[in-house]
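Chemist: okay, predicted coordinates and the sequence, questions at the end:
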Amino acid sequence: MWLKKYLTVYKLSWQNVLQYRLDFLMGRVRNIILLLTLYFLWTTVFKRPSELFGFTKPQIITYVLVGNFFYSLIFAHSDNDIADAVASGRLSAFLTRPINYLFYWFVRRLASRLMFLLMTILETSVFILLVKPELQLLTQPPAVFFCLFSLTLAIFLFTFLDFTSGILSFWMVWAYGPRFVLRMLMDFTSGRMFPLNLLPHAAFTFLNALPFSFLIFFPLNLFQGRLDAGGIIRGFGAQIFWVILSFLLMKFLWQRGLRRYEAVGG
Amino acid sequence: MNKYLKVYKILALNNFAALVGSRLDFWLLITGKLIRMGLVLLMITSIFNFVPTIAGYSRAQTLLFFATFNIVDILAQALFFRGFWFTQQWVREGEFDHFLKYPINPLFLNAFKITDWMDILTLIPAAGILVYTFSLFEGLHWWFLFLYSLLVLNGVLIAFAINVFIASLNFYTPETENAFLLYRDLMYTARFPTEIFGEPLRLLFTFALPIAVIVAFPAKALLGILDWKLVWYAFALSSFLVFASIKFWNTSLKHYSSASS
């Protein structure tokens, strides 16, 4: 019974993703454009040199393609639904029913994540068939396990951070500002656009200490076997720390927010 | 003309008042834009710590492409992008009815209803990056600077036409969010010289999806490497696109049926 209601939410969310097919297709074209931009940029940069900032050409191309997969899996489409629910009073419907709002919201995101992941697999496969880039793929089973575990933690980390930014709408109508800042930090310091070790040492050290590098950069490093045992342990330690901290912050703000929440009308 | 200027002034001032109503949001949104600009700039300059050129362009030249993109993109966003972005909401909720009842061109109202003051403020650091980039070149001829300015304005006109086309789609389909975001993502590709894409895509971005015309042409004109035929092509293209987009808007408007207001 408990599972059935969330399964229904999942099915409806899945259908919702495909409701406007042209809009959905355009969303996929956007993903392809970014993939092409990054691929051609790095191919051009690596035209002559055999190695730069610790990467060879096959490694950076693999980084871009696999990073695209990870992005589809981790970065769920973030819309205004929490802020909208708080601002409009629709949150009351969830608070008065036997449904956990966070889990409901997570299941909705899961549907779009899986849809986008399937499409990314299809697009990337076509890309690889057409372009035939030189890749360097993973060969060691422990790395697969570490990478999958890190990806799971990254999904939780993104979820908690994203939900926290939405909760701020209890204090700020729509909370556009904090959500936009968080999204910019996630997009540009997660490692999706470029490996963070491209940056000067001071910038790299600073950004690597933030939680966002554990969304894509750290899992990708595990995938490519770029970390020694010490680096893996430290990395997981930091990632788990940020997951727990973001969860506690989210929980604290949610409880505080509900105390000041008031719904008008509805 | 005076009437339109007066209306624009009122709309712009109302927007400013609404935006600064939430000062925290206002400054955080500006911060987010500065973070984005700053990190891409950091990425580009970091690449040049390892290689001397990208697609044959030096650090200064590549920065010029990035700086030009910033100026064109910010002008487009500040002046009319937000207005066109909200067209889908206004059409869906019936608020667009009000645009049609006033004795003023509905396209004008739609485009300029929202002036993005946050983007106007980010024009300051963007202009700073542009001025710094200019300083990296020795002896820039005034003619190239003049041509650069004309082509930047030309680029903004093309961006306007593209936005009109997309906004017109709202009269046929209720969901155009990804169409606007697609335009934005295509614009973002112009942060780098289009030569990184290779010939087929470069031709696509020049003649089919004129992103190169919007950003790369002004930068190349300043560098003195833009063929004169392409300069005329740029101006002819913007004239054609503005004319065609307004025609398409007027035709599409006939499909509008109010959702009740």
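Modeler: Perfect, I can see it now.

Chemist: dihedrals phi and psi, residue A:52?
Modeler: Torsion angles at residue A:52 (phi, psi; degrees, to the nearest 10) stand at phi -140, psi 140.

Chemist: quick check: buried residues in stretch B:227-247?
Modeler: B:230-231, B:233-234, B:237-238, B:241, B:245-246 (16 or more other CB atoms under 10 Å in any protein chain shown). The way it works is simple: take the backbone N, C-alpha and C, and place the C-beta from them, glycine included.

Chemist: where does pLDDT dip in the stretch 101-250 of chain A?
Modeler: Within the stretch 101-250 of chain A, the segments meeting pLDDT under 70 span A:138-139.

Chemist: what sits against the residue of it found nearest chain B?
Modeler: Nearest to chain B in the stretch 101-250 of chain A, going by CB to the nearest CB, is residue A:177, at a distance of 2.8 Å. By CB atoms under 8 Å, 6 or more residues apart in numbering or on different chains, residue A:177 lies in contact with B:22, B:24-29, B:31-32.

Chemist: what subset of the residues you listed is also close to chain A?
Modeler: Applying CB under 8 Å from any CB of the partner chain to the contacts of residue A:177, one finds that B:22, B:24-29, B:31-32 fall near chain A.

Chemist: quick check: residues of the stretch 151-261 of chain B near chain A?
Modeler: Counting by CB under 8 Å from any CB, the stretch 151-261 of chain B comes close to chain A at B:173-179, B:181-182, B:185-186, B:188-189, B:192, B:195-198, B:201.

Chemist: per-residue confidence at residue 78?
Modeler: No chain was given, so I picked chain A. Residue A:78 is assigned 61 on the pLDDT scale.

Chemist: oops, wrong one, chain B.
Modeler: 93.

Chemist: next, count neighbours for it.
Modeler: 20 (other CB atoms under 10 Å in any protein chain shown).

Chemist: what's the helix or strand for residue 166?
Modeler: Looking at chain A here, since you left the chain open. helix A:141-167 (DSSP states H and E).

Chemist: nope, chain B
Modeler: Here residue B:166 is assigned to helix B:142-168, by DSSP H and E.

Chemist: buried sites along that helix?
Modeler: B:147-148, B:151-152, B:154-168.

Chemist: let me know the average pLDDT across that helix.
Modeler: Mean predicted lDDT for helix B:142-168 stands at 94.

Chemist: and the helix or strand following that helix, how far out from the chain's middle?
Modeler: Downstream of helix B:142-168, the first helix or strand assigned by DSSP H and E is helix B:177-189. Here helix B:177-189 is found 11 Å from its chain centre; the criterion is CA atoms, centre = their mean, to the nearest Å.

Chemist: which residues are in contact with helix B:177-189?
Modeler: By CB under 8 Å, 6+ apart, helix B:177-189 touches A:23-24, A:26-27, A:29-30, A:33-34, A:37, B:69, B:73, B:81, B:84-85, B:88, B:159, B:162-163, B:166, B:169, B:197, B:205, B:209, B:211, B:214-215.

Chemist: following element in sequence after that helix, please.
Modeler: By DSSP H and E, the next helix or strand past helix B:177-189 is helix B:199-203.

Chemist: re earlier: mind checking what helix or strand follows the helix holding residue A:166 in sequence?
Modeler: helix A:176-189.

Chemist: next, the angle from the next helix-or-strand element following that following helix to helix A:176-189.
Modeler: Later in the chain than helix A:176-189, the nearest helix or strand by DSSP H and E is helix A:201-209. Between helix A:201-209 and helix A:176-189, the angle comes out at 120 degrees (axes from the mean of the first three to the mean of the last three CA atoms, to 10 degrees).

Chemist: quick one: buried residues of helix A:201-209?
Modeler: A:204, A:207-208.

Chemist: next: stretch B:116-135.
Modeler: B:116-123, B:125-126, B:129-130, B:133.

Chemist: in JSON lines: these, plus pLDDT, distance to residue A:173 and secondary structure.
Modeler: Output for the buried residues of stretch B:116-135, formatted as JSON lines (pLDDT from 0 to 100; distance: CB to CB, whole Å; DSSP: H, G, I helix; E, B strand; the rest coil):
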{"residue": "B:116", "pLDDT": "90", "distance to residue A:173": "18", "secondary structure": "coil"}
{"residue": "B:117", "pLDDT": "90", "distance to residue A:173": "18", "secondary structure": "helix"}
{"residue": "B:118", "pLDDT": "89", "distance to residue A:173": "17", "secondary structure": "helix"}
{"residue": "B:119", "pLDDT": "91", "distance to residue A:173": "21", "secondary structure": "helix"}
{"residue": "B:120", "pLDDT": "92", "distance to residue A:173": "23", "secondary structure": "helix"}
{"residue": "B:121", "pLDDT": "92", "distance to residue A:173": "21", "secondary structure": "helix"}
{"residue": "B:122", "pLDDT": "94", "distance to residue A:173": "23", "secondary structure": "helix"}
{"residue": "B:123", "pLDDT": "94", "distance to residue A:173": "27", "secondary structure": "helix"}
{"residue": "B:125", "pLDDT": "95", "distance to residue A:173": "28", "secondary structure": "helix"}
{"residue": "B:126", "pLDDT": "95", "distance to residue A:173": "29", "secondary structure": "helix"}
{"residue": "B:129", "pLDDT": "96", "distance to residue A:173": "33", "secondary structure": "helix"}
{"residue": "B:130", "pLDDT": "96", "distance to residue A:173": "35", "secondary structure": "helix"}
{"residue": "B:133", "pLDDT": "95", "distance to residue A:173": "39", "secondary structure": "helix"}
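
Chemist: quick check: the farthest pair among those?
Modeler: Greatest spatial distance among the buried residues of stretch B:116-135 (CB to CB): B:117 and B:133, at 25.0 Å.

Chemist: where do the strands sit along the stretch 1-150 of chain A?
Modeler: A:51-52, A:55-56 (DSSP state E, counting those that start in this stretch).

Chemist: near chain B, anything from the first one?
Modeler: Right, the one you point to is strand A:51-52. Yes - Strand A:51-52 is in contact with chain B by CB under 8 Å from any CB, via residue A:52.

Chemist: in its sheet, what does that strand sit against?
Modeler: Taking DSSP bridges as the criterion, strand A:51-52 sits next to strand A:55-56 (antiparallel) in its sheet.

Chemist: per-residue confidence averaged over the partner strand?
Modeler: Average pLDDT, strand A:55-56: 90.

Chemist: so what touches it?
Modeler: A:46, A:50, A:63, A:136, A:195.

Chemist: count of neighbours near the residue lying closest to the fourth one once chain neighbours are set aside?
Modeler: Closest residue in space to residue A:136, ignoring its immediate chain neighbours: residue A:58 at 4.2 Å, by CB to CB, 6 or more residues apart in numbering or on different chains. A count of neighbours around residue A:58, defined by other CB under 10 Å, yields 14.

Chemist: run a quick neighbour tally on residue 42.
Modeler: Picked chain A for this. For residue A:42, using other CB under 10 Å, the count is 21.

Chemist: my question was about chain B
Modeler: By other CB under 10 Å, 17 other residues sit near residue B:42.

Chemist: over to residue B:86?
Modeler: Residue B:86, neighbours per other CB under 10 Å, totals 17.

Chemist: tell me the residue of chain B that sits nearest chain A?
Modeler: residue B:28 (2.8 Å).
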